[in-house]
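following is a predicted model, sequence given first.
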Amino acid sequence: MQIADIQEARAFLAAHPDVRSIELMLIDANGIPRGKLLHRDELLAIYENGRPLPSSILALTIQGEDVEDSGLVWEVADADCWTYPIPGSLTLQPWRSTPTGQLQVSMHPTQGLPAAPADPRHVLIHAIDRLKADGYHPVMAVELEFYLLDKQRDSNGRPQPALQSNGVRPQAPQVYGVYELEQLQPFLDDLYAACEVQGLPVRTAISEYAPGQLELTLEHRFDALQAVDEGVRYKRLVKGVAGKHGLQACFMAKPFGELAGNGLHMHVSLADEQGNNLMASEDPHGTPLLKHAIGGLLATLNDALAIFCPNANSYRRFQANSYAPLAKSWGVNNRTVSLRVPGGPANSRHIEHRICGADANPYLAAAAILAGIQHGIQHQLDPGEAIVGNGYEQACETLPTDWLTTLRTLENSSWAKDALGEEFLKVFLAIKWAEFRQFMGEVGEQDWRWYLTHA
């Protein structure tokens, strides 16, 4: 584990004498930032000696409740586990009303025990290290779709797209609409400015396929861990900037039944130590290495689906003709498949993994993707013929579309135990089974609407 140098903290404090508070954040299994708000006088000690956080912080449901079956609560007396700063993560939160810093930490591999194996960032580091041991350096980029919503619900209590600058609430998709982006200029200006302050490589903004839905692309990175770190911080930033504008940034996989879902698209290629793309090819289908990587991703897809789609709502996104994939499929320059090889110059050849919902934990999704790629390369798996044309109509092996099936598949997967680590998987599954039981045990509006009178 790389630990940030204390000079980083000293330079930050000197450059920002007006900062009084610093948000300390650790990313949990659900991808949620958990931590504390610290005084500036506490910062240097974190760099020198780390900062203890309770073991249970990595054993929480999406609602922030302890999961006793994780083994990280009462069995270990909710022990303190030491975290340390991640290099380059100390920055400002420009959306705050008063000057505030932000610092991301990770569990120390030994001082962070017993919680360290449950740290999602370590799961990704392990997957990257295994690929590097085989001579491959993963290059990645993260794309996240989200809805920009009003904090005020509509008259029926439903979430609704944010008002545009002209006072009109968008009703139509207007995909790729430039006018729609113009109407969000105050928000986008602040978003780009905040990304610049935090050093996040945000590029193109796109009006996506639903009213109020957006995507901003992040630049690819030769260091895959850096790319995912930036994706995690970008999500935190979007929520913060939206809040400043009195809005809510929603990364639910399927917030509206009749509208497009939010995806997390992950772009990946493999390079040598000098940064040369080993998947580069004049052939749009890529090199044999690229095809083996796709073969591995297809072979491990069912086992990893509960990582890519970790919540009950995740599976509502899988609908035909929705730009969300439905089958174990791949293709070239084809958005109807799960694994897309985008067009472009030979040296840009890579895989776009289109399966994850935006509710997935980017660290875990990236780890499962890289482990699947390695599996395909090691076993030289053939992905079969690329889909040409409408992949929805040609689906042979469809994906499971329910949470229960995918949780059971992950639980029984020997590949997942090896790829993600048995200790991590025990904690993750304990959390997800607790959430599953709670979700299925809750009676809500749909139950009453369907069954109250006629059942």
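Done, it's in.

contacting residues around the residue nearest the centre of the chain?
The residue lying closest to the centre of the chain (C-alpha atoms, centre = their mean) is Pro362, at 2.7 Å. Counting by C-beta atoms under 8 Å, 6 or more residues apart in numbering, Pro362 makes contact with 31, 142, 228, 231-232, 235, 264, 266. Placement of C-beta: from N, CA and C, glycine included.

now swap in His285 and tell me
His285 touches 291, 332, 341, 386, counting by C-beta under 8 Å, 6+ apart.

avg pLDDT for the longest strand anywhere in the chain?
Scanning the chain for the strand with the most residues, using DSSP state E, yields strand 137-150. On average, the pLDDT along strand 137-150 is 96.

ramachandran coordinates for Leu214?
Dihedral angles of Leu214 (phi, psi; degrees, to the nearest 10) stand at phi -130, psi 160.

and the gap between it and Asp382?
Leu214 is 38 Å from Asp382, where distance means C-beta to C-beta, to the nearest Å.

one more: Leu218?
32 Å.

those two: who's more crowded?
Comparing Leu218 with Asp382 by neighbour count (other C-beta atoms under 10 Å), the higher total belongs to Leu218, at 22 against 14.

now do the contacts for the nearest residue to the more buried one once chain neighbours are set aside.
Spatial nearest neighbour of Leu218, excluding adjacent residues (C-beta to C-beta, 6 or more residues apart in numbering): Val142 at 5.2 Å. When the contact criterion is C-beta under 8 Å, 6+ apart, the partners of Val142 are 218, 227-228, 230-231, 234, 264-267, 362.

these in strands, which ones?
Short answer: these in strands (DSSP E) are 218, 264-267.

low-confidence stretches in this protein?
321 (pLDDT under 70).

quick one, strands of it?
Using DSSP E, strands in the chain cover 21-27, 33-39, 51-54, 80-85, 91-92, 100-107, 137-150, 202-207, 213-218, 247-250, 264-271, 330-332, 339-341, 351-353.

can you map out the helices along the stretch 301-450 of the chain?
Here the stretch 301-450 of the chain has its helices, by DSSP state H, counting those that start in this stretch, at 362-378, 403-411, 414-420, 422-441, 445-451.

what's the closest of the ones you listed to Ile27?
When these are compared by C-beta to C-beta, helix 362-378 sits nearest Ile27, at 6.6 Å.

now do that closest one and helix 422-441, the angle between them.
Counting by axes from the mean of the first three to the mean of the last three C-alpha atoms, to 10 degrees, helix 362-378 lies at 120 degrees to helix 422-441.

in helix 362-378, what's buried?
Neighbour counts over helix 362-378 (16 or more other C-beta atoms under 10 Å) mark 362-377 as buried.

got it, and stretch 397-416?
By 16+ other C-beta under 10 Å, the buried positions in stretch 397-416 come out as 399-401, 403, 406-407, 409-411, 413, 415-416.

neighbours of the closest residue to Arg10 other than its chain neighbours, how many?
Nearest non-adjacent residue to Arg10, counting by C-beta to C-beta, 6+ apart: Leu44, 7.1 Å away. Leu44 has 13 neighbouring residues, counting by other C-beta under 10 Å.

which residues touch Leu44?
6, 9-10, 13.

now the buried members of the residues you listed.
Neighbour-count burial (16+ other C-beta under 10 Å) applied to the contacts of Leu44 gives 9, 13.

adding distance to Asn156, write the contacts of Leu44 out as a markdown table.
Formatted as a markdown table, the contacts of Leu44 follow (distance: C-beta to C-beta, whole Å):
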| residue | distance to Asn156 |
| --- | --- |
| Ile6 | 54 |
| Ala9 | 49 |
| Arg10 | 53 |
| Leu13 | 49 |
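
closest one of the contacts of Leu44 to Arg317?
For the contacts of Leu44, the nearest to Arg317 is Ala9 (41.0 Å; C-beta to C-beta).

who's in contact with that closest one?
Neighbour list for Ala9: 43-44, 46-47, 85, 90 [criterion: C-beta under 8 Å, 6+ apart].

filter those down to the buried ones, ChimeraX style.
To isolate the buried members of the contacts of Ala9 in ChimeraX, using 16+ other C-beta under 10 Å:
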select :43,46,47,85,90
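
helices - which of the contacts of Ala9 land there?
Per DSSP state H, helices hold the following members of the contacts of Ala9: 43-44, 46-47.

now stretch 334-341: buried residues?
Neighbour-count burial for stretch 334-341 flags 334, 336-341 (criterion: 16+ other C-beta under 10 Å).

what do you get for stretch 253-273?
Neighbour-count burial for stretch 253-273 flags 253-256, 259-271 (criterion: 16+ other C-beta under 10 Å).

next: stretch 10-22.
Buried residues in stretch 10-22, defined by neighbour count with 16+ other C-beta under 10 Å: 12-13, 16, 19, 21-22.

measure the residue lying closest to Thr409 once chain neighbours are set aside to Arg437 for me?
Distance criterion C-beta to C-beta, 6+ apart; nearest residue to Thr409, sequence neighbours excluded, is Asn302 at 5.5 Å. Asn302 sits 23 Å away from Arg437, going by C-beta to C-beta.

compare the two (neighbour count), which wins?
Asn302 (17 against 10).

now the contacts of Pro362 as JSON lines including distance to Gly295?
Listed next are the contacts of Pro362 as JSON lines, based on distance: C-beta to C-beta, whole Å:
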{"residue": "Gly31", "distance to Gly295": "28"}
{"residue": "Val142", "distance to Gly295": "23"}
{"residue": "Val228", "distance to Gly295": "23"}
{"residue": "Gly231", "distance to Gly295": "26"}
{"residue": "Val232", "distance to Gly295": "29"}
{"residue": "Lys235", "distance to Gly295": "31"}
{"residue": "Leu264", "distance to Gly295": "22"}
{"residue": "Met266", "distance to Gly295": "18"}
